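Asks: okay, here's the prediction I keep looking at, along with the sequence it came from:
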Amino acid sequence: MRRSWKALTITAAVLLLSFGAMTLASAANNHTTVLHLVHKRIQTTDLDLGATSSSPGDQMIFADDVFRDGKKVGTAAGACTAVRVTASAIQYHCQASVRLPKGQLSAQLLVWTSQQTLTYAITGGTGAYRDAGGYATVPNTQDPTYPVTVFLEHLKR
């Protein structure tokens with residue numbers, strides 16, 4: 001369970017960090033803003049809540065710092081819950097939020113641990129991000145520091 005959680009935790013953190021750097025992003029076109037961020041895992045807690053070993057209901061809770069160009073621009077946190085366990089992979093439902101100086105962003109994902117790239121849906125925001133939509137991609141890695149690419153749409157300028 002620990003190996004699977006770490007990969008998802010990193011992914012969720014990257015997504016959240018990417019959202020946090022929205023105000024620092026460059027525009028890709030008139031409708032999409034692309035953010036290139038780096039997440040650094042600060043804290044992780046694994047909860048074995050079901051049967052011993054990996055089982056539905058187990059949770060991984062995480063907290064990350066978010067960086068852009070080496071400067072800390074925000075924090076992110078979230079939780080992933082195991083919803084399906086097979087002999088070869090675990091499926092998780094993850095929710096994450098990122099706090100930035102001008103507001104917050106939220107995202108969610110349904111993912112199998114065997115996936116190479118994770119794609120989070122941006123599900124809402126507050127403040128300057130209240131009209132944000134789009135998605136973020138994160139590599140499924142166990143590294144504590146990882147890149148996140150966020151594609152934001154429909155931002156009011």
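Replies: Good, I have the coordinates.

Asks: can you count the residues close to residue 119?
Replies: When neighbours are defined as other C-beta atoms under 10 Å, residue 119 has 15 of them. Any C-beta I mention is one placed from the backbone N, CA and C, and that applies to glycine too.

Asks: what's the weakest-modelled helix or strand in the chain?
Replies: strand 26-27 (a mean of 42; mean pLDDT, DSSP states H and E).

Asks: surely residue 59 is in contact with residue 81?
Replies: Yes. Using C-beta atoms under 8 Å, residue 59 makes contact with residue 81 at a distance of 5.2 Å.

Asks: the closest residue to residue 45 other than its chain neighbours pairs with what?
Replies: Nearest in space to residue 45, with sequence neighbours left out and distances taken as C-beta to C-beta, 6 or more residues apart in numbering, is residue 61 at 4.6 Å. In this entry, residue 61 is beta-bridged to residue 45, residue 79, by DSSP bridges.

Asks: what of residue 137?
Replies: residue 119, residue 149.

Asks: count of residues packed around residue 120?
Replies: Residue 120 has 29 neighbours, counted by other C-beta under 10 Å.

Asks: need the contact list for the nearest residue to residue 127 once chain neighbours are set aside.
Replies: Sequence neighbours aside, residue 103 is the residue nearest to residue 127 in space, at 2.5 Å (criterion: C-beta to C-beta, 6+ apart). Applying C-beta atoms under 8 Å, 6 or more residues apart in numbering, we find residue 103 in contact with 125, 126, 127, 128, 129, 130.

Asks: on the three-state scheme, the fourth one is what?
Replies: For residue 128, the secondary structure call by DSSP: H, G, I helix; E, B strand; the rest coil comes out as helix.

Asks: I'd say it and residue 105 touch.
Replies: No. Using C-beta under 8 Å, residue 128 makes no contact with residue 105, being 9.9 Å away.

Asks: right, I'll call it a day here.
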